[in-house]
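I would like the atomic coordinates for the input below:
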Amino acid sequence: MINARSRYCLSGFLVIAITGAATTSGVVAQKKALVAKPAEVATRGQREAKDITYADWQKLCFKAGGAPKLCRTSITGKFPTGQTAVRVDLIEREGDRTARLQLFVPIGMYLQHAAKLTIDQGSPYRIPYNWCLTNICIAADVAHPRIIKELESGKTLTLEVVDSNLLSLTTSLPLGQFASVHKSVPAQTLDQDIDE
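As a prediction, the model looks like this:
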């Protein structure tokens, strides 16, 4: 039989255990909320990048040894100096049902603010930055089949990035050729034989 003192101690432990569990789940919920939705940073202005010249869409494929073929449908925009201003790649691997959308932009971007793509007047897609090299930053994510269909049927792809001065920079890429290039045979397939 449990005496009064034991009952008091036992109920005290239960209160502490319940409070601790509630506090822990509250902290976990708060951390999940922070991870799920990062704080938006307000931009201080907006400008359009007008001095970019875009090449035509191009499809290249790569085949290395016995690996599945990898194809990249790309467009590149350059500044008058010849430096790459933006490059957009849709990367697909033979036999894989998921594609990858990859963006290359110059360094100096505010990396906490994902690049934003809008096709015509549709809903925007956010593409997070993955890494930067000495002269370029790369944003990449899985390309859902919906975005591929929109790229094929769209007329204009608007890219918006935020620079380190918190200015929003936009540029518009033509999509008129995308569908025909994407669905056609590659302009070039690069084979690499591996000798063992």
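
Can you give me the distance of Gln121 to Leu90?
Look at Gln121 and Leu90: by C-beta to C-beta, to the nearest Å, they are 21 Å apart. (Each C-beta comes from the backbone N, C-alpha and C, glycine too.)

Compare neighbour counts for the two and give me the winner.
Leu90 (21 against 8; other C-beta atoms under 10 Å).

what residues does stretch 87-94 touch?
Outside stretch 87-94, the residues within contact range by C-beta atoms under 8 Å, 6 or more residues apart in numbering are 68-77, 99-104, 143, 148, 151, 157, 159, 173, 182.

Write the PyMOL selection for whichever of those residues are buried.
The PyMOL selection below is limited to those of these classed as buried (16 or more other C-beta atoms under 10 Å):
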select buried, resi 70+71+72+73+74+75+76+77+99+101+102+103+104+143+148+151+157+159+173+182
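
In helices, which of the contacts of stretch 87-94 appear?
148, 151, 182 (DSSP state H).

out of these, which one sits closest to Ala114?
Ala114 has its nearest neighbour among the ones in helices among the contacts of stretch 87-94 in Leu151, at 18.1 Å by C-beta to C-beta.

Contacts only, for the nearest residue to Ile136 once chain neighbours are set aside.
In this structure, Ile136 finds its nearest non-sequential neighbour in Phe104, 5.1 Å apart by C-beta to C-beta, 6 or more residues apart in numbering. Contacts for Phe104 were tallied using C-beta under 8 Å, 6+ apart; they are 84, 86-89, 136-138.

how close does Phe104 sit to Ala115?
The value you get for Phe104 to Ala115, if C-beta to C-beta is used, is 10 Å.

do the same with Leu70
As judged by C-beta to C-beta, Leu70 and Ala115 stand 23 Å apart.

Tell me what the most centrally placed residue in the chain is bridged to.
Per C-alpha atoms, centre = their mean, the C-alpha nearest to the average position across the chain is that of Ile127, at 2.4 Å. Under DSSP bridges, the beta-bridge partners of Ile127 are Ala115.

What are the structural domain limits within this protein?
Using automatic domain parsing, the domain ranges for the chain come out as 1-37, 45-192.
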